[in-house]
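Q: Sequence and computational prediction follow.
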Amino acid sequence: MGQQAIEIFRDCIPLFNALSDPARQDIILLLAEKEPLSVNEIAEASNLSRPAISHHLKILRDNHLVSIEQKGTQRYYSLSLNESVHQLKQLIRVVEEECIVDHS
């Protein structure tokens, strides 16, 4: 496997870690349905506490999966997947090019 493939795999580790948690998956799916939402609105739709939701949103934000818009005293969260989808597409491309062997 080439150095580029290894680097792309390594670069995706934080993204995979962020996406591996079921609570964060639920938040992403909720935002996909009803964005933008405040922390309170997300907490109302979840069985997690508001501080736990805030923690998960910070991880999602740090990994460029959600963005924040400030409206007055409220912060509203929306999906922001372009960067991470691009990163995953790069990984898929490299895997297809360097790791899949055509036996036909």
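A: In hand now; what should we look at?
Q: quick one: low-confidence ranges for this protein?
A: 1, 101-104 (pLDDT under 70).
Q: As a check, name the ranges of all strands in it.
A: 37-38, 66-71, 74-79 (DSSP state E).
Q: Could you take those strands and lay them out as a markdown table, with extra columns for distance to A18?
A: Glycine gets a C-beta too; all of them are placed from N, C-alpha and C. Shown next, in a markdown table, are those (distance: least, CB to CB, whole Å):
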| stretch | distance to A18 |
| --- | --- |
| strand 37-38 | 18 |
| strand 66-71 | 10 |
| strand 74-79 | 13 |
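Q: Which among those strands is found nearest to F16?
A: Evaluated over those, closeness to F16 peaks at strand 66-71, with 16.6 Å, by CB to CB.
Q: Identify the residues contacting that closest one?
A: Defining contact as CB atoms under 8 Å, 6 or more residues apart in numbering, one finds that strand 66-71 is touched by 27-28, 31, 36, 57, 60-61, 75-80.
Q: can we see that at 7 Å?
A: 31, 36, 57, 60-61, 75-80 (CB atoms under 7 Å, 6 or more residues apart in numbering).
Q: ok, back up a step: highest average neighbour count across the strands of the chain?
A: By mean neighbour count, with neighbours taken as mean count of other CB atoms under 10 Å, strand 37-38 ranks first of those at a mean of 18.
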